[in-house]
Structures are given as structure tokens and as C-alpha cells.
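Asks: My questions are about this predicted structure, shown below with the sequence.
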Amino acid sequence: MKMKFFFYFLIFFIFLFKLNQAQNKTCKISVLLSGDKADLGYNYMMNEARVLAESQLHMYPFSIYYEHLEESMEEAEHAIQDSVDKGANLIVVSSVVHFSLGVKYATKYKDEPIYWIIRGSKLVPTLPKVVILNFNSFELHYLLGYYAGLATKTGVVGFVSPGVGINTLSCDNSFYIGAKYARPNITFLDIHTGSWYNPEVSYRAAQKLIENGADVIGMSQDDMSVQKALMDAGGLGLGVTGYPGHYQFGSDVAYSYLTNWTNLFITYANHVINDDWPAYDSFFTNLSRKDAIFMDEFSFRVPIDIQTKTKIELQNLMDTSYAPYKSDPILKSIGLQFVGNWINDTQFRANTKILPSEGGATVIYYGLYTIPIEFIDYPESLKIGVTVVAGFCIFLCVVSMILVIIFKEAKVIKSSSPIFCLLILFGCIVIFVGCIMFARSPTDGSCRSRVWLLSLGYTIFLGNLLVKNWRIWLLFDNPKLKKRAITNWKLYPWVSGIVIIDIVILAIWQALGEIMAESRTGIDSLSKYEYRNVCASSDQGSIALYLLLVFHGLILLVACFISFKIKVVDIEEFNESKPITTSVYIITFCLFIVIPIMVSSPTVVTQTTIICICALITTMLSIILLFGTKFYKMATIGLELGQTFATSTKSSSHSQRTKSSNGSNPKNTNFGGNTLNLDDDSDEISSEKEKKKPIDKSNPKDHMAVFTSDEETSKASKFSSEQFSREQTNDAIVVGDEEDKQNDADDEIKEKPLVSEIQAKRLSLEQNGQTDIDSNDV
């Protein structure tokens, strides 16, 4: 009795122990995905099963997943090892690509409480904790091929698959046989991508089939990229990934097969929890089992007769003895052996040959498709836009140069130095040509020439602005009225020196920089199958290029400084500081504001666009500011050839009174007996007498500025009065360039009379017994 009681107690204790052990045991699932979990295909459905199983079984700790493992075996190995390290005890290897890898790690951890679901086609008799997962995809592709043969309007269908090396061709052949059963004279196009998941290649491969007439296309890819290409071309797609295609594409998906792996995951997770794992098990499913694979409803856009015929064929396939995809006699033509009425299953699955044409059916085999590397040029809009705008600007520059040459004696042109005006316009033309070169796709030659053109163009443009205004500064910022002779010939070496420095830096850049056009992929949002040419250089070339930028920055800073200094010059004909300063400031703005934006730009096209736009706008605005106002005055006020200064009415009347006593010479302007010579060919400033003579303040004419015409008086008087009263000297001031002295300011003089200077002079003369003063009297 006691022994019997003890025996019952022992059984009850073991039961409680087992029950407690079962309650404490958990299952943590890890799923290895070949592609993207959001591919709306096979990987999506596998990941969805993981999520639903975790939710229904209240799994904790949570399950994990790894994606994009087809890209690298090393990544796949790391995922499996990481799963083990994180405590996963049910590892799902969902892709046949990783079958061998899954077996390898299952063997490594066969003594550990880790269980495996590995997709493959054969059992592993040495691994009791491994379940082999597979499904009859061949009957699915046969049925979809049958539908394709009925639905095609062109009589051409196609198929896209990973191809030999990744998978067998059994799915391709099954689709072809289905299409041939529906339409005996079908044309079948077959092409491979070399991968389960490569959306870009799949899409392009489908486009190739569409271009060759296919209007219904099957596939064994993991995503819907093939069907997306077909739908984009106006056709109806097929759902061949297991995902309900109508959820995303609606009625554009004609017919789909569906998969649901949730029951699979729940079933084997419970085996892990209950510790009753079925050894050496397999999960081979098909349409007839109705446990994981189903057919979806037809789109309403599919004709009823096609729906009816396809449903009849589906019912035939429910009988597992009906399998035309592996019983058609054409299979013998590729060397497959029949066992009874069917091809040996192992041989069928391992087949790597495409079926040939037969009877009225035609097979066209394209093999492995590779996307051709395509050259992507700069946008046509950029090239055409820059060329048209730059060409128009060049035309305006040429017209401006012609006008400057024709009307070089006009005072508004003459006072601005025609030779320097021509050089400035020439520099602008060089800049515009450089913009056209920048908008072209780079070549070895254009990579060098466009930098040369832009750099030299800006150097000529800014260099001439700089030296022209430097001369004005030296002449008028002269408190002691020292004798200064500054002719054009004395300025040319300065301009040449600036240009030579630029040329030297450019030569160093080209010699050391290894400048060349380089083809690059993956830039400017291009795919890995597209490339664009870009200019490249060595590190030494980059240093030289930075030095070039510093050089141009210094020119801009000096130009800004000189423009600031000559703003005090009151003779408007000589003072171009406002338009010049504005031009310099615009260019400086582009250098210090726009260029950093350009450097941070992610695309080469954007950088090129910014460079071209900045160069065109700044140069064109500078032309308008520097020459537009001159041509406008010439058109509205008149040319006034042979005159140098604009004067007021009073200055004109006084000048008429003084002509007879002082003579007339349009090239000379006298300041108290000192002559401001406007002859380009003169290197010296002449004076009425070579030696200084005392000024007789009792005679106003001894210290009166005498001009040679009515229009050449008041502005020079305004500038010189203050200096004369302070120094009272006869130092000669020479301006050797007749092109830098003349301007039209009649209107401004009338609006702004020289009140303060005239009043000061009237007071001085009244103190010396004189009662009248003219604006020319300095």
C-alpha cells in the first residue's frame, strides 16, 4: 500500500514538474529575409507571419528579423550567429539561397535547444531539429501561365526569373507549358535577372520583354517590380509574390496567388514551447492542401470567359494526379527522364534548361539581362538656356564695342577711356564663352578651357576696372597738387601684370593638377547603371585652384577699396565709382554667399547651374551699369562730340566771356594756370608757364579756371576750389588719357548748384575788394 501511494505521488510530482517546465518555456522566433521586409512580396508575407505569430502567442521576449541578406553571405552568417547570441530558439531561414548556410549552422548547434525551419527541397536526415519548408510553386506558375495564354492580345507572353545559378528554370518552363496549353501558337520570351531581389534590373528586364511584344508577364522575383513595369505600360499585372496585389494596385492586378505562413509559424512555435518537436519533419504544401497557398479573386477587368476557363483549370489542379507542367512530353527534349507519367521530381526541380519551340509555339531565350551602363548628359534645358542667354549677351557686348568705337569722341565715352571700355567688354565676352563651356558635358579639354576662360575673363574685366579707377584716385587724391603724368601706356603694364599672374597660376594648376574628365556613377541621384562625366584633379591641382580663388578675391577687395576712395571725386564725368562699386559688390556677393551654397549642393548639375547663372547675371548687370547709362545719355541728351564737361548756364556765359582772352583748346583744362591735359598721346602735363609765378589775388583772372568751351567748366571748378584756397600753388596736374576725363552732368548741375564753394569764394573776393564771382573762378 505504501509502495502504491509512493508510486502515485512520484507520477504526480513528475507531472507538476513537466507542467511547470512547459509553462516557463518560451519561443523566440528569428526570421532571415533575403530581401526587403516591405517588398509587398515573399519577404513581406514571411515577416507578416512572424508578427502575427508573436501577437497570437503573446511571445516575450519579442521576435527578431534580418533583411537584405541575399546581398552578402557574410551578412547572412552574421544574422544567424546574432540570432543564436540573442537567444532565438526558432530560426526561420526563408530563402533557398541560404539553404546550405542554414544546414551548416543547424549542424553546428544540433546539440543546443535551437530549432530550425529552412526553405529547401530535400530533407536532412542527420538533423532532427530541422523542418524543411517548401511549396509547389510550379503549379502556381503553370496556372498563371494558362491565364496569360488566354489573356494575351499580342500572342506574346514573357517570364522574368533569377535564372541559373540562383534558381532552376522549372518555374519558367511551367509558365510556358501553361501558356502553350491555353494557346498552342504562343510566343514565349524568357529573361533572367541574376537575383531574387533587384527591383531596378527586374523593371528594366520587363521593359525589354514589353518592347518585344509581351503584354502578360510572369515572374519568380520577390517583389512586384516586373508587374509594375507592365502596369506602367498600360497592361494588367499578375500577383506572383504571395501578397494580395489588389491591396496596392487595385484592379490593375488581374489574378494573384496568395500565401499565408502564420499557421506554419504558430504550429512549430507551439512545438518548441511544448517540447514536442517532430523530428525530421517537412512542410511541403500546395493548392490542394489549402493551408498556406490560395488563389485570389479575379479583377473585374478580366473577361468572364477567361475567368471561367482559368477556374476550370484550377479545379483540375486540385487533383494531385493532374500535373501537366511535369508530364508534358516536351520535357523529354531537354533530357529529363520520365518515371511513369511524370518527370522524376528531383530531376524536375533541378532542371536548368529552357524548353525549346514546338509546333506553333515559339520560345525566345534572352538569358541573363544586364542593364547597359547609360551616359546621362547635362539637361538639355541647361545647355540650351545657358547657350542662348550667353549668346545674346555676347551679341550685346559686340554691339557695345562697335558703339564705343564709333562714338569714342562722345564725352560720356571719352571720359571713361574707350580703350579700357573695349577691354572690359572683351573680358565679358570671354566670361560668356566660359559659361557656354561650363554648360557642356565635361571632356578633358573642356575641363581645362572653361576654367581658363572664366578666370581670364574676370581678370581682364576686373583688372581694367581696377587700373582705370586707380588712375582717377591718384589724380584727384592729390592734396599737394604734385605733378603726375599717367597715360594709357603707363597703365597697360599694370593690366598685363595682373593677367600674367592669372596665367601663371592657371598654368601651374594645369601642369600639376592632372585635369581630366572622369566618369562617375551614383552621383546626382543617378542609379548604379547610369554615369555622368565630371571634372577631376589631383590634390596639387586643388591647391592651385584655391590659390586662384584667393587671387581673384584680392582683386575684388582692391577694387572695392579704390571704388570707395574715388567716391569723393565730384566731377561726375570722371567718377564711375557707383556703377563700378555696385558691379564689384554683386560679384563679391556671389563669391562669398552663393559659392558656399554651391559647394554644399549635392549634385554636379546644381553646382554647374549656379556657376553659370551667377556668371551670367553678375557680368550682364555690370555691363548694364557701366555702359547702359552711357548709351542712355547719348540717346537722350545727345552725343555732344568734342566736349568734355557738362556745365551750368552761368558757367557757359562766363566761358563765352573768357574765350577771347584765354583762347580755345578742347584738350586742355586750366586750374588757376595749371593745365589738365586730356590728350592720350601726352606723357607730360604742360602748364602755361613752366615755372611757378606768384598769384595776384587782386586780379581774379590770375586764379580763374579757364575752359575751352561752354560745357567744360563747372565740375572741374567744384573739385579744385577747395584745394586751390588751401595750397595756392601752380603745380601742374597731368592726365595723359583724354579718355578718362569727360562726362555729361548738365541736369545734375542744375539740380545741385555748387552753393558752398561759390559762397566761400564770394566772401574771399569781397574781402579783396571784388564783387562778382563765377562758378568757374577757382
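Replies: Perfect, thanks for sending it. Numbering: from 1, shown residues only.
Asks: which residues touch residue 29?
Replies: Contacts for residue 29 were tallied using C-beta atoms under 8 Å, 6 or more residues apart in numbering; they are 50, 53-54, 59, 63-64, 88, 90-92, 265, 269. Quick note: C-beta positions are derived from backbone N, CA and C, even for glycine.
Asks: Which elements pack onto the lengthiest helix in the chain?
Replies: Counting residues, the longest helix in the chain under DSSP state H turns out to be helix 444-476. If contacts are counted by 3 or more C-beta pairs under 8 Å, 6 or more residues apart in numbering; DSSP states H and E, helix 444-476 sits against helix 418-438, helix 488-513, strand 516-521, helix 539-565, helix 577-589, helix 604-623.
Asks: SS state for residue 523?
Replies: coil (DSSP: H, G, I helix; E, B strand; the rest coil).
Asks: do you know how far it is from residue 538?
Replies: Here the criterion is C-beta to C-beta, to the nearest Å. By it, residue 523 lies 19 Å from residue 538.
Asks: Repeat that for residue 470.
Replies: Separation of residue 470 from residue 538 (C-beta to C-beta): 37 Å.
Asks: out of these two, which sits in the busier spot?
Replies: The neighbour comparison of residue 470 against residue 538 (other C-beta atoms under 10 Å) goes to residue 470, with 19 against 13.
Asks: Enumerate every residue touching the more buried one.
Replies: Residue 470 neighbours (C-beta under 8 Å, 6+ apart): 491, 494, 562.
Asks: Surely the first one is in contact with residue 467?
Replies: Yes. In this structure residue 491 lies within contact range of residue 467 using C-beta atoms under 8 Å: 4.9 Å.
Asks: hey, what's in contact with both of the two?
Replies: residue 420.
Asks: out of the two, which sits in the more crowded spot?
Replies: Taking other C-beta under 10 Å, residue 491 and residue 467 do not tie; residue 467 has more neighbours (24 against 21).
Asks: Skipping its backbone neighbours, what lies nearest residue 102 in space?
Replies: Leaving aside its chain neighbours, residue 102 sits nearest to residue 93 (3.6 Å; criterion: C-beta to C-beta, 6 or more residues apart in numbering).
Asks: With residue 626 instead?
Replies: The nearest residue in space to residue 626 (C-beta to C-beta, 6+ apart) is residue 579, at 5.2 Å.
Asks: Return, as residue ranges, the portions of the chain with sub-threshold pLDDT.
Replies: Within the chain, the stretches with pLDDT under 70 are 1-24, 477-485, 568-577, 581, 593-595, 597-602, 638-778.
Asks: check contacts around residue 634.
Replies: Residue 634 neighbours (C-beta under 8 Å, 6+ apart): 407, 410, 412-413.
Asks: Sorry, wrong one. I was asking about residue 450.
Replies: Residue 450 neighbours (C-beta under 8 Å, 6+ apart): 434, 437-438.
Asks: from those residues, which is closest to residue 635?
Replies: residue 434 (31.0 Å; C-beta to C-beta).
Asks: What is the neighbour count of the closest one?
Replies: A count of neighbours around residue 434, defined by other C-beta under 10 Å, yields 25.
Asks: so how far is residue 454 from the nearest residue to residue 235 once chain neighbours are set aside?
Replies: Nearest residue to residue 235, sequence neighbours excluded (C-beta to C-beta, 6+ apart): residue 215, at 5.2 Å. For residue 215, the distance to residue 454 (C-beta to C-beta) stands at 53 Å.
Asks: just to revisit the earlier point, would you turn the helices and strands packed on helix 444-476 into TSV with distance to residue 375?
Replies: Converted to TSV, those look like this (distance: least, C-beta to C-beta, whole Å):
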stretch	distance to residue 375
helix 418-438	19
helix 488-513	24
strand 516-521	8
helix 539-565	25
helix 577-589	34
helix 604-623	14
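Asks: Any idea which of the ones you listed gets closest to residue 463?
Replies: helix 488-513 (4.1 Å).
Asks: Just the angle for that closest one relative to helix 539-565, thanks.
Replies: Put simply, helix 488-513 runs at 160 degrees to helix 539-565, going by axes from the mean of the first three to the mean of the last three C-alpha atoms, to 10 degrees.
Asks: Check which helices and strands helix 488-513 sits against.
Replies: So helix 488-513, by 3+ C-beta pairs under 8 Å, 6+ apart, packs with helix 418-438, helix 444-476, helix 539-565.
Asks: For residue 636, find the nearest of those helices.
Replies: Across the helices and strands packed on helix 488-513, closest to residue 636 is helix 418-438 (C-beta to C-beta), at 19.5 Å.
Asks: which secondary structure elements does that closest one contact?
Replies: helix 380-406, helix 444-476, helix 488-513, helix 604-623.
Asks: Turn those into CSV, including distance to residue 180.
Replies: As requested, the helices and strands packed on helix 418-438 are exported to CSV (distance: least, C-beta to C-beta, whole Å):
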stretch, distance to residue 180
helix 380-406, 46
helix 444-476, 55
helix 488-513, 63
helix 604-623, 49
